[in-house]
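> Here you go, sequence then predicted model.
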Amino acid sequence: QDDPLTGLDAMLDEAAPEEPLRVGVGVKITQITGVDQRAENYGVVARVRMKWKDEALAFDAEEVGRSIKTLSAKNFAEKARELGVNIPAATIENQQSRSFVKSATVSWFPDGTALYNVEVILTLQAPDFDFRRFPFDHQNFYFRIIGNAPTDFIQFEPLAEASGLGDTLGEEEWVITNYWTEVDEAEGISGFTSSRFSLGFSAHRHLFYYWARIFVPVILIIIIGWANLFLEEYRRRIDIASGNLLAFIAYNFTISGELPRLGYVTFIDSLMMAVFVISVASVVYNVALRRLSMAGMEERARAIDWHTTHWGYPVLFIGTILVLRQIFFVESTLIAVL
Amino acid sequence: QDDPLTGLDAMLDEAAPEEPLRVGVGVKITQITGVDQRAENYGVVARVRMKWKDEALAFDAEEVGRSIKTLSAKNFAEKARELGVNIPAATIENQQSRSFVKSATVSWFPDGTALYNVEVILTLQAPDFDFRRFPFDHQNFYFRIIGNAPTDFIQFEPLAEASGLGDTLGEEEWVITNYWTEVDEAEGISGFTSSRFSLGFSAHRHLFYYWARIFVPVILIIIIGWANLFLEEYRRRIDIASGNLLAFIAYNFTISGELPRLGYVTFIDSLMMAVFVISVASVVYNVALRRLSMAGMEERARAIDWHTTHWGYPVLFIGTILVLRQIFFVESTLIAVL
Amino acid sequence: QDDPLTGLDAMLDEAAPEEPLRVGVGVKITQITGVDQRAENYGVVARVRMKWKDEALAFDAEEVGRSIKTLSAKNFAEKARELGVNIPAATIENQQSRSFVKSATVSWFPDGTALYNVEVILTLQAPDFDFRRFPFDHQNFYFRIIGNAPTDFIQFEPLAEASGLGDTLGEEEWVITNYWTEVDEAEGISGFTSSRFSLGFSAHRHLFYYWARIFVPVILIIIIGWANLFLEEYRRRIDIASGNLLAFIAYNFTISGELPRLGYVTFIDSLMMAVFVISVASVVYNVALRRLSMAGMEERARAIDWHTTHWGYPVLFIGTILVLRQIFFVESTLIAVL
Amino acid sequence: QDDPLTGLDAMLDEAAPEEPLRVGVGVKITQITGVDQRAENYGVVARVRMKWKDEALAFDAEEVGRSIKTLSAKNFAEKARELGVNIPAATIENQQSRSFVKSATVSWFPDGTALYNVEVILTLQAPDFDFRRFPFDHQNFYFRIIGNAPTDFIQFEPLAEASGLGDTLGEEEWVITNYWTEVDEAEGISGFTSSRFSLGFSAHRHLFYYWARIFVPVILIIIIGWANLFLEEYRRRIDIASGNLLAFIAYNFTISGELPRLGYVTFIDSLMMAVFVISVASVVYNVALRRLSMAGMEERARAIDWHTTHWGYPVLFIGTILVLRQIFFVESTLIAVL
Amino acid sequence: QDDPLTGLDAMLDEAAPEEPLRVGVGVKITQITGVDQRAENYGVVARVRMKWKDEALAFDAEEVGRSIKTLSAKNFAEKARELGVNIPAATIENQQSRSFVKSATVSWFPDGTALYNVEVILTLQAPDFDFRRFPFDHQNFYFRIIGNAPTDFIQFEPLAEASGLGDTLGEEEWVITNYWTEVDEAEGISGFTSSRFSLGFSAHRHLFYYWARIFVPVILIIIIGWANLFLEEYRRRIDIASGNLLAFIAYNFTISGELPRLGYVTFIDSLMMAVFVISVASVVYNVALRRLSMAGMEERARAIDWHTTHWGYPVLFIGTILVLRQIFFVESTLIAVL
């Protein structure tokens, strides 16, 4: 067994420059091509800017005849290698797919200020999804850039003005509420601590889709179930409750197609489970009533049933929703326990 | 906190040429490979032409022995870098996917006129979808090219004759009504204002698909519901209304599969919601009638029902459609409020 | 507004050689990887051959020590650029996807005859689909190659022997009946008229799939509907006709999944619409009969029904099919009107 | 019309070497990434080895200081071009997708023996599927390599030890029974006959999936149909037979999703068709019985029905299966006729 | 027939260095992009590190002016070729898709220690799935790196500290319990035995998904079936049992969509089969009871049924589950037999 860090540690310390290169980093997301919450990732088109100063890049504008030089990033890298100039090599930490570079150039000015501008299409991991309150959830998304070299070599600083989100993201479901930039440190590709820049943004969902496709239909099915109670035919009610269970099971599959296979209970799961249990209880209840009435206790059965029909059924559903609301949205300590 | 623009601003101003390079731009879309309205993008094969004049490219036809020079775009870029010639570098602003270049060449003439011809396959963002009137909606699509350098360096002019849409686009659903070119300014990859060329086109849908798959079947289901009213059996009607609700819920899912998850109500959504509510109301109405008739008020129930059966049911549907039509297609101020 | 062609026209005329380069072109499709009729494209693996003669490529076999030279296409292009030799640059006009080159070489002989052989995997647009007679339709497919330079520079000639379709295309649904080559002219990437080579082929469908999955089940459902007429129970018939309508609506979705969203009526669409209408008419008819019989005119209802049951129902379906057949397959002028 | 082969034929003959280069070829498939029988292709990861001897590659081990030289395939190709050494260029004939090369190197030894080792991920056409006996079918798969140059230039020989299939293919459905190597000739990319190496393997299916998902459920549905016959209620039977027909139609779609759209009848298709017809016949039979019994011939109807219930129904199904088995699996001449 | 190994064996032996190059290898998986158990593969983003020492890379830090050198992997390969330095070329053995390299660099130190750091996105084969106990299964996953050259040339050693799994894998379904590194030998691309490094990890599933979507609904359907027994109506029971069979068949398809097409029986398959058989038996049982009661033995039928209703039905299901549990989870010898 060999410790790759022991020897390297000392060697890297020795190799580090007196002061790390300070690199300003900005990320502007111009398009969100899609959010795939089952795979926990999202696609973006983003403009990344890096800005640093290197004396070795300085030139005499008079002599050269112009006061800006521009090369494609690839050609700049070649030139930098020839000149022995440092490039602030970095990786998009949470990149999850092949990326496509729309444009990548480096421009630099007589005083040695260099600007690396790249526009890139890629998919980013979004592992921070917490679906407990789905679809009433708030989620955070990040675009993270980490230096390849350890913090002794390169340190990032946020370029606030070059960061943010564009106006025509093309994302319909999510409402982005705010964004921010962060710089922290994390283990880099070298195995040592590297400087890390993050553009974060927070979003919640437009709820119209969930009301129109899930909640309203389920509520209407429940109302129809209630209406049928007034017919006072036990067998018919059993058929309707059984049919509703099948409809709710179908909804359950629709919902499960929305989410990854989680290891915890979400609000909507517990709602569906409650509706399942009520349906089955409804069948059992009506079988019991029918046996009661066939056993000659018709009057008794009707008396019990009057209460169920006139207030029991709706109260049961509303109560369930209120309890679940309390658990999932009010007492957050309870959620932590679950 | 560091303002990347402050210092750069001055530096760029200094670096700008006396007059920006004027570049004619034309885009001809030869194929539309698909419109994905859920992802709000569309795929095209397009021919982009750029035309500009640079004295540094001029040559003596006699001496060279021919009066046109042609290189692949890649080789031209290399040559331009060697000669220090400017290239009007630009990016397809709303490109959303990896692109594939079928052909890209630069030709230039003795007087220094250069022509960049590229044919490219790619997917473009179409974030301007407004589905409120779906499927009776009109939509605008754009192909946008933005200069990499700020407007002080490069300015676009439209090449009207080299712009437009081909004859065999291979798109069946959309009817393209007209197209136009625009030049405006937008924030470029440099963070400064760049010149932007847009080819826009406007389209609406062939409606046959929506009539054949959605409207006609829904209307037929409603007619069957009406026909059954004439049988005057309340329980049967309840079953039919419940069954129809399930059918409409299934249609609702079909429609939701067509659209992204919007944050606003569309015409077709409100139509489906109205049909849902009518179905549920129909169940409640028939339960009420049945209780009435079981309570010995058979005559009364029949009297009420005569009106529903003979004109109430169809009038309700037609009225709903007229109201929704008024809201979504006539009083556009109302839509703005929604 | 600037006309890009005016100036270019003259410049190009001047630059054109005395005689255009004549290039023989052949395309052999060895595999059809798939036909996607909804997207109106198809995938192929194809071998493209181009043959031309250029004195500048001639060499002395004795001196060189061999009588054939071969280079990869990429290396040949480099060499050609160095030697100033012309390459008959062309584009696959209806290419719709990223392509993958399996092999691309240029071989040339002492007399300057050059052979460019490339095997390529790609997806081609097939915008000529006409689904009016689907699934009894005949369709044409093309593989089109267009010169990059105008006709003054390059002209194509078909290489008939190097064109055609292979023996193991791996396509099960389509029966290819014949193929042909064409050379015509079309607007090229330069904006001017270019020479265009096309390999076309014509195909129709194996119909077993459509009989087994669509026609036979629909016919069997209709036969069951007929059989039930003999039971003379009006309510039962209404349920069966309603259930059949739902089954036909499901079929309608299956069919719509096969086709793009067309702007015109196909044979199968009108067939389904007819079946829809017959189902609804059947419900209305039986409601009317039932009301008649409940109004004491049982005898009358039965008399009417005898005819429907014994010959009306099948005659209605057979008549519908014959009329549609006449419209879609016999009187082609009628189709043109639709 | 121009014959590309006439002139080329003579030129190629002249250019051919005295003796073709003999190249040993071996293919070892290490992973099967998937079999897509609808598209008739399959994905593999394979190691291809080519071995040949070229005096021009020989070197003096003493002088060089080592007795093996290795280059990446790309670098070797460059070097070979510089040295004028021949490379046995070949194409994977039935490749159907973009390929990804995991590793490709050429090693050569002092005596001029060269070894080209490449590991490649790709999709291969499998056009030889015959689904007549599906899912009891046996299929052949091939990995075919064809020389780019005609047989006068290159000839392949199988390297048996370097060919075969790995131990962890990762394919669950198919059982590979044996494999073999072949060398034959086919039309190459040059248009002339080239040498072709094939690794073939034969496979049949694990049948558990088909029993558990298709056959057992269908048999159980049929048994339930039989059980209901004993209730002697004609109307109920009609409903069950109609319901079963719908269930079988759904199965029919499931099966059709498994297969490409074939132009011939498979065993499972004819089985489903038989089950369809029996279901419809069952409806007609019960309608007839009911009319008989309503016409006062109750006794007669019951007598007929006794036989159907007690032995007719099961014998009909078993007989159908036996006949189809005879047609599809025993008398292969019959299949040939179909 | 030619044995490629015979001659090569001797040649390779001669070419091998006195001692193989010892290369430390570490793999850290930072993201799991997805587990596709039907295709038996999984996607990762991983950081691979290789560490070795080569005197030929040593340099004088004083002279060079710095004590670390870094190049992109591509540039290092070029440089190594020029210097004749060895690179420990290796392949990711179970790679199954095109990979994307996020970053790949080589750094080396004055003493000749070289570090190759690469971050790569790719899909890996996971052929070791055993679904017998699905969804209560434990599975092993591997990331395997194999040397291109035989063990005489290169030998791997694990870098334990550079190996493992990251904190934010983004995988919701699987719970990773532990990981380990291994070094063994396997047949390499050269056809000879190569050194192989493996990072393995073991995982089981979060079961909430399977309880919420499959087990709970099936149990509730069974409970409803039980409740209906208490109504003592045989025909109704037959309808419910038949309906349940259809629901279970639908579940069966859902489950089959989760798994590849296996050649063996899983726990969940045998559970579903048992439920199928019980449903059919239930139909047959009730048909028998009804015939009994219609044959005037109503009392007898009721007596038998009392036991079924009050304890037989639940005991049957619980007993089935216990037996299957015994077979699949306790007596593992039994599984081996199956």
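It's in. Quick caveat, the model's predicted, so the values are computed rather than measured.

> all strands of the stretch 1-150 of chain A, in order?
Under the criterion DSSP state E, counting those that start in this stretch, the stretch 1-150 of chain A contains strands at A:21-36, A:41-53, A:69-72, A:90-92, A:100-108, A:113-125, A:138-147.

> Kindly reformat those as a markdown table containing mean pLDDT and mean neighbour count.
Where C-beta positions appear, they are placed from N, C-alpha and C, glycine not excepted. Shown next, in a markdown table, are those (pLDDT from 0 to 100; neighbours: other Cβ atoms under 10 Å in any protein chain shown):
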| stretch | mean pLDDT | mean neighbour count |
| --- | --- | --- |
| strand A:21-36 | 96 | 22 |
| strand A:41-53 | 96 | 23 |
| strand A:69-72 | 92 | 18 |
| strand A:90-92 | 96 | 21 |
| strand A:100-108 | 95 | 20 |
| strand A:113-125 | 96 | 21 |
| strand A:138-147 | 97 | 21 |
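
> Using a markdown table, lay out those together with distance to chain C.
Conversion of these to a markdown table gives the following (distance: least, Cβ to the nearest Cβ, whole Å):
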| stretch | distance to chain C |
| --- | --- |
| strand A:21-36 | 18 |
| strand A:41-53 | 18 |
| strand A:69-72 | 20 |
| strand A:90-92 | 23 |
| strand A:100-108 | 11 |
| strand A:113-125 | 15 |
| strand A:138-147 | 27 |
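
> Adding distance to residue E:234, write those out as TSV.
Shown next, in TSV, are the strands of the stretch 1-150 of chain A (distance: least, Cβ to Cβ, whole Å):
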stretch	distance to residue E:234
strand A:21-36	51
strand A:41-53	55
strand A:69-72	82
strand A:90-92	67
strand A:100-108	66
strand A:113-125	58
strand A:138-147	54
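
> how about the ones you listed, which one is nearest residue B:12?
For residue B:12, the closest of the strands of the stretch 1-150 of chain A is strand A:100-108, at 8.8 Å, according to Cβ to Cβ.

> Neighbours of the closest residue to residue A:117 other than its chain neighbours, how many?
In this structure, residue A:117 finds its nearest non-sequential neighbour in residue B:189, 5.0 Å apart by Cβ to Cβ, 6 or more residues apart in numbering or on different chains. Residue B:189 has 26 neighbouring residues, counting by other Cβ atoms under 10 Å in any protein chain shown.

> How about the one 3 residues further on?
Number of residues near residue B:192 (other Cβ under 10 Å) recorded here: 17.

> That one: what's it in contact with?
B:5, B:8, B:9, B:12, B:150, B:151 (Cβ atoms under 8 Å, 6 or more residues apart in numbering or on different chains).

> where's residue A:325, which helix or strand?
In the assignment (DSSP states H and E), residue A:325 maps to helix A:313-325.

> Please compute how far that helix lies from its chain's middle.
Counting by Cα atoms, centre = their mean, to the nearest Å, helix A:313-325 is centred 30 Å from the centre of its parent chain.

> for it, which positions count as buried?
A:313, A:317, A:320, A:324 (16 or more other Cβ atoms under 10 Å in any protein chain shown).

> what sits up against it?
Residues contacting helix A:313-325 (Cβ under 8 Å, 6+ apart): A:222, A:225, A:226, A:229, A:267, A:270, A:271, A:274, A:278.

> Out of the residues you listed, flag the one nearest to residue B:116.
Using Cβ to Cβ as the measure, the one of these that approaches residue B:116 most closely is residue A:267, at 55.6 Å.

> returning to that earlier point: pull up the gap between the residue nearest to residue A:117 and chain C, please.
24 Å (Cβ to the nearest Cβ, to the nearest Å).

> Show me the domain layout of chain A.
Listed domain ranges for chain A are A:4-206, A:209-337 (source: automatic domain parsing).

> Tell me the residue of the stretch 101-250 of chain A that sits nearest chain E?
residue A:127 (3.6 Å; Cβ to the nearest Cβ).

> Burial check on that residue, number of neighbours?
Using other Cβ under 10 Å as the criterion, the residues surrounding residue A:127 number 19.

> re the thing from before, and the contacts of residue B:192, which are buried?
Buried subset of those (neighbour count, 16+ other Cβ under 10 Å): B:8, B:12, B:150, B:151.

> and these, which of them are in helices?
B:8, B:12 (DSSP state H).

> Need the max-distance pair from the buried ones among the contacts of residue B:192.
By the measure Cβ to Cβ, B:8 and B:151 form the most distant pair in the buried ones among the contacts of residue B:192, at 14.9 Å.

> The helix or strand where residue A:178 lies vs strand A:21-36, what angle?
Using DSSP H and E, residue A:178 sits in strand A:174-187. Calculated by axes from the mean of the first three to the mean of the last three Cα atoms, to 10 degrees, strand A:174-187 forms an angle of 140 degrees with strand A:21-36.

> What residues of strand A:174-187 count as buried?
A:174, A:179, A:181, A:185, A:187.

> same deal with stretch A:242-254?
Across stretch A:242-254, burial judged by 16+ other Cβ under 10 Å covers A:242, A:243, A:244, A:245, A:246, A:247, A:248, A:249, A:251, A:252.

> For the spatially closest residue to residue A:274 that is not a sequence neighbour, give its distance to residue E:273.
Closest residue in space to residue A:274, ignoring its immediate chain neighbours: residue A:320 at 4.7 Å, by Cβ to Cβ, 6+ apart. When distance is defined by Cβ to Cβ, to the nearest Å, residue A:320 is 36 Å away from residue E:273.

> So the residue nearest to residue A:117, which state does it fall into?
The three-state assignment at residue B:189 reads coil, by DSSP: H, G, I helix; E, B strand; the rest coil.

> who are the neighbours in contact with it?
If you count contacts by Cβ under 8 Å, 6+ apart, residue B:189 has them with A:47, A:103, A:105, A:117, A:119, B:91, B:146, B:148.

> Farthest pair within those?
A:105 and B:146 (13.7 Å).

> Sweet, I'm off.
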